[in-house]
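J.: need a 3D model of the sequence below.
(one chain, ligands or ions: 1)
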Amino acid sequence: MSATILNQHLHSHGLDLITDTHKYRKVVALRPFNKGSVVITSRPLCNPIIFPTHRAQHCETCFKTKGSNSSTSATAGGLGLERCSVCKKRYYCDRDCFTVAWKGWHKWVCHDKDMEDLDYEMLKMVVISIERLRNGAFKEPKQSGVATATTAAAGSHGTGEQESLALTEYVFSTLMGHEAIADPVEISKYKEIATKIREQLIVAKFPFKSESSRGEPPSVAELMRYLCRFHCNNFSIHDSQLFTMAEGTFPVGALFNHSCRPNAIVMYEGQTQVVRTLEDIAVGQEVCTSYVDNGVQRAERRQLLRGKYYFDCLCPRCGDGESSETAEKAGFRILDDLIEGDQDGEDGKKVDGEWLTKQFETIILPGARSLQVAGPSLQPPTMITRSSFTSYLIHSLVPLIQTGATEQSYMERLFAIYDALQTTPHCTPKPFTTTVMTNATSFFNTSLEHQSWALASKIGTFILALYLMIYPRHHPLVGLHCFTLAKCLWNDVEGGMTSVRLSHEILKLSRNILTVSHGRTGQNASLVKEIETFMRTVESELG
Ligand SMILES: C[S@@+](CC[C@H](N)C(=O)[O-])C[C@H]1O[C@@H](n2cnc3c(N)ncnc32)[C@H](O)[C@@H]1O
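T.: Numbers count the residues shown, from 1 in each chain. The predicted structure is shown next:
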């Protein structure tokens, strides 16, 4: 296996891997990609690790969720999960899934009481997986009910070659681990874990039969290198609602670099990772995902990226401080200034639930009709209150999402908004900071719990405005929020037909956004179908 084979694989997907002085390597597009296309699908190096808190909810082999529909072993109430009768810790949906896991890895971890530490668990699973691959014991699981890279990708329009496990292993060996600059405390923890696993595998007589192993597990130094690589290349696996439930090593997916304004997103279909474009990508453009929440402030992003991935971000949003100021860089600099702010406002007012309630009483929900017809000459308000901010953002941006405006015209509008917000006097505390967003989100969740639909509709509309200001327009977080907001609006009887019409508009927005991030085929597409079903209910009420 070599770099040539990796390049062939990437070329078959319309991608190229080129060297970069700052990032080591980067993935660029060899052909144009439309927004919402699958760039590539990646397979995990070993079975991903389901978090202990989520184990009873997912089959370890196919990742199907308890209670979901399954063509293989559905009970009347949907998919049931059976626990391994020995360790009583891991769950499977049927005998096929259990057998795949047992033969592949489960029997080697079933009695291991140390399998509760994520690094330990991941390392042991990877060692087992690599050795089985090298000694020829690895067999592709049968397709019945088992989501392999092959079966899941088939539903997701992956256009290029399927990834072989040998390629997965090769790419893993090329990933950056930053061993030389890694935190010494982490390194000593890695040494302890590596030593323990090595001894444990020897005592358990794990069959190291491959030529390269010479009958022994990899050295402690090699195992420590693996752990360093996990640290800056692993992924949190989330479901279609973006709730994280597992962690996995996807070496091919880890080739994509970070941007705080990403043009691609990582999704999951069973155990297959799917990289999808959030915007149209031109030939020669780098394809980037995001390693952190794009909603956090610049200083926090820097800290997170340096702490975990050992780099200073020079993406279009962060800029490098040296090259000349582009319109893009200037625009994003304003955004980061706008969203910075303390818990307390400039006048010392605490941004708490009670205070927010008073503010939201003044919000006037924009009518559904105006969402469709907002024109390009929309004037910013002369004084920014929460209500005027909400209307201005939503009226200015939603029509461009609905009509599929180009990224360039969308960004021009967004930068003009940042500019206007910067110079317009505003209420205190500033309405658009991440602190306000955090508080508004928890306030929104409380109003959902209490089924206070009118209040939830108002806060949710305000949060939508904040999201549109901060996140890429087709980010799934925006689409998922719209779906929740649409349900609140529909339930808000006080809002009458205005609320129902607005619910329909927001549902359309949600459908358009999630079609890009979740796709029209494959497992995640069921969410888009759910939205469309709900849209029909709302339409029947609208008559
Ligand atoms: C998941 S890997 C990405 C692929 C990596 N560039 C490679 O060639 O193997 C993460 C590492 O890539 C580098 N990296 C990713 N995004 C970057 C960025 N925006 N700027 C600088 N370095 C970046 C950092 O060294 C980081 O630890």
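J.: contact partners for His111?
T.: Counting by CB atoms under 8 Å, 6 or more residues apart in numbering, His111 makes contact with Val86, Cys87. (Each C-beta comes from the backbone N, C-alpha and C, glycine too.)
J.: for the one 4 residues further on, same thing?
T.: If you count contacts by CB under 8 Å, 6+ apart, Met115 has them with Lys89, Val109, Glu121, Lys124.
J.: mind putting these into TSV with pLDDT and neighbour count?
T.: Output for those, formatted as TSV (pLDDT from 0 to 100; neighbours: other CB atoms under 10 Å):
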residue	pLDDT	neighbour count
Lys89	90	16
Val109	92	21
Glu121	93	21
Lys124	96	27
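J.: which of those residues sits closest to the ligand?
T.: Minimum distance to the ligand across the contacts of Met115 is 20.3 Å, recorded for Glu121 (CB to the nearest ligand atom).
J.: so which of the contacts of Met115 sit within helices?
T.: Counting by DSSP state H, those place Val109, Glu121, Lys124 in helices.
J.: could I get those as JSON lines with distance to Cys482?
T.: Output for the ones in helices among the contacts of Met115, formatted as JSON lines (distance: CB to CB, whole Å):
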{"residue": "Val109", "distance to Cys482": "41"}
{"residue": "Glu121", "distance to Cys482": "36"}
{"residue": "Lys124", "distance to Cys482": "42"}
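J.: which ones, among those, also lie beside the ligand?
T.: Among the ones in helices among the contacts of Met115, no residue sits close to the ligand (CB under 6 Å from any ligand atom).
J.: what does the domain assignment say about the protein?
T.: Here the domain parsing of the chain from automatic domain parsing is 3-289, 341-542.
J.: between those, which one is nearest to Cys318?
T.: domain 3-289 (5.8 Å; CB to CB).
J.: so how far is the closest one from its chain's centroid?
T.: With CA atoms, centre = their mean, to the nearest Å as the basis, domain 3-289 stands 15 Å off its chain's centre.
J.: end-to-end on that domain?
T.: Using CA to CA, to the nearest Å, one end of domain 3-289 lies 22 Å from the other.
J.: centre-most residue in this protein?
T.: Nearest residue to the geometric centre of the chain (CA atoms, centre = their mean): Val266, 5.3 Å.
J.: list the contacts of it.
T.: Neighbour list for Val266: Phe235, Gly253, Phe256, Gln273, Val274, Val275, Thr289 [criterion: CB under 8 Å, 6+ apart].
J.: switch to 7 Å and redo it
T.: Phe235, Gly253, Gln273, Val275, Thr289 (CB atoms under 7 Å, 6 or more residues apart in numbering).
J.: which strand or helix spans the residue in the stretch 1-150 of the chain that the ligand sits nearest to?
T.: Nearest to the ligand, among the residues of the stretch 1-150 of the chain, is Arg25, at 3.2 Å (CB to the nearest ligand atom). According to DSSP states H and E, Arg25 maps onto strand 24-29.
J.: per-residue confidence for the residue nearest to Pro472 when sequence neighbours are not counted?
T.: Once flanking residues are discounted, Pro472 sits nearest to Leu278: 5.1 Å by CB to CB, 6 or more residues apart in numbering. pLDDT recorded at Leu278 is 98.
J.: run through who's touching the helix or strand hosting Ile513.
T.: Element membership of Ile513 [criterion: DSSP H and E] is helix 496-518. Helix 496-518 has contacts (CB under 7 Å, 6+ apart) with 35-36, 240, 265, 267, 276, 278, 365, 367-368, 371, 398, 401-402, 457, 474-476, 478-479, 482-483, 485-486, 489-490, 492, 524-525, 527-528, 531-532, 534-535, 538-539, 541-542.
J.: quick one: buried residues of that helix?
T.: 499-518 (16 or more other CB atoms under 10 Å).
J.: could you list the residues of this structure in contact with the ligand?
T.: Checking the chain against the ligand by CB under 6 Å from any ligand atom, the hits are 22-25, 175-176, 232-233, 254-255, 257-258, 309-311, 313-315.
J.: mind giving me the ChimeraX select for these, buried ones only?
T.: Command for ChimeraX that selects the buried part of these, burial taken from 16+ other CB under 10 Å:
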select :175,176,232,233,254,255,257,258,309,310,311,313,315
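J.: give me the neighbour count for the residue nearest to Pro472.
T.: 25 (other CB atoms under 10 Å).
J.: measure the residue in the stretch 101-250 of the chain positioned nearest to the ligand to Arg306 for me?
T.: Nearest residue of the stretch 101-250 of the chain to the ligand (CB to the nearest ligand atom) works out as Cys232 at 4.0 Å. Per CB to CB, to the nearest Å, Cys232 is found 11 Å from Arg306.
J.: repeat that for Thr424.
T.: Thr424 is 34 Å from Arg306, by CB to CB.
J.: neighbour count: the two, which is higher?
T.: Shown here are Thr424 and Arg306; by other CB under 10 Å, Thr424 has more neighbours (15 against 12).
J.: so what's Ser453 up against?
T.: You called it Ser, but residue 453 is Trp. Cys488, Asn491, Asp492.
J.: okay, it: pLDDT?
T.: With respect to pLDDT, Trp453 has a value of 94.
J.: now do Gly80
T.: pLDDT recorded at Gly80 is 81.
J.: which is the next helix or strand following the helix or strand of the chain with the lowest mean pLDDT?
T.: Across the helices and strands of the chain, mean confidence by mean pLDDT, DSSP states H and E is lowest for helix 149-154: a mean of 38. Sequence-wise, the next helix or strand downstream of helix 149-154 (DSSP H and E) is helix 165-174.
J.: that next one to strand 24-29, inter-axis angle?
T.: 140 degrees (axes from the mean of the first three to the mean of the last three CA atoms, to 10 degrees).
J.: what residues does whichever helix or strand comes after helix 165-174 touch?
T.: Going down the chain from helix 165-174, the next helix or strand is helix 184-203, by DSSP H and E. If you take CB under 7 Å, 6+ apart as the criterion, helix 184-203 is touched by 112, 114, 119-120, 123-124, 127, 217, 220, 223-224, 227-228.
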